[in-house]
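1. here's my sequence, what's the structure:
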Amino acid sequence: MKQDKEIGKEASELIMDHLYNMALHSPPESRHALNIDGLRQPDITFWGAWEGEVLVGCGALKELDAGHGEIKSMKTSSSHLRKGVSKKILIHIITVAEERGYKRLSLETGSMAAFIPARNLYESFGFTYCKPFADYKEDPNSLYMTKQL
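-> Numbering: from 1, shown residues only. This next block holds a predicted model:
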């Protein structure tokens, strides 16, 4: 996993694909994926998962406060699905959150069928469903999950 201080061309393309997929499955008011500028904010740490010179996935961690982080922008390249990329990224994010001393890690994901694989992954790591956190509001198109660390 490589922390990307400057989001390069490959990561930008993967994030654009992520945003495009969100647009296919979620109405505008229910899209919470970060764009490139959002990922450059000081409270966000962004990582790329590389296989040699090929970006195979990405993920980010947003600090909500000293004890609570939010998983953002988890995405696997379509040519690398079902190879364990998201699992490795999630393990990395959880490890960093624990190293930072976070007590809780949360996320927002879609409620539609397209998001079932993501929800299954998070559930397999002990994330449970919760009420909206931070600035999120109840939304029929969103589900919220959290994990005590």
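
2. show me what contacts the closest residue to S73 other than its chain neighbours?
-> Spatially, and ignoring its direct neighbours in sequence, S73 is nearest to A60 (4.4 Å; Cβ to Cβ, 6 or more residues apart in numbering). Glycine gets a C-beta too; all of them are placed from N, C-alpha and C. Neighbour list for A60: L34, L39, I44, T45, F46, W47, I71, K72, S73, M74, I93 [criterion: Cβ atoms under 8 Å, 6 or more residues apart in numbering].

3. now which of those would you call buried?
-> With burial judged by 16 or more other Cβ atoms under 10 Å, the buried subset of these is L34, L39, I44, T45, F46, W47, I71, K72, S73, M74, I93.

4. save the residues you listed as JSON lines, and put in distance to R100 and secondary structure too.
-> Listed next are these as JSON lines, based on distance: Cβ to Cβ, whole Å; DSSP: H, G, I helix; E, B strand; the rest coil:
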{"residue": "L34", "distance to R100": "19", "secondary structure": "coil"}
{"residue": "L39", "distance to R100": "18", "secondary structure": "helix"}
{"residue": "I44", "distance to R100": "13", "secondary structure": "strand"}
{"residue": "T45", "distance to R100": "9", "secondary structure": "strand"}
{"residue": "F46", "distance to R100": "15", "secondary structure": "strand"}
{"residue": "W47", "distance to R100": "14", "secondary structure": "strand"}
{"residue": "I71", "distance to R100": "13", "secondary structure": "strand"}
{"residue": "K72", "distance to R100": "15", "secondary structure": "strand"}
{"residue": "S73", "distance to R100": "18", "secondary structure": "strand"}
{"residue": "M74", "distance to R100": "18", "secondary structure": "strand"}
{"residue": "I93", "distance to R100": "11", "secondary structure": "helix"}
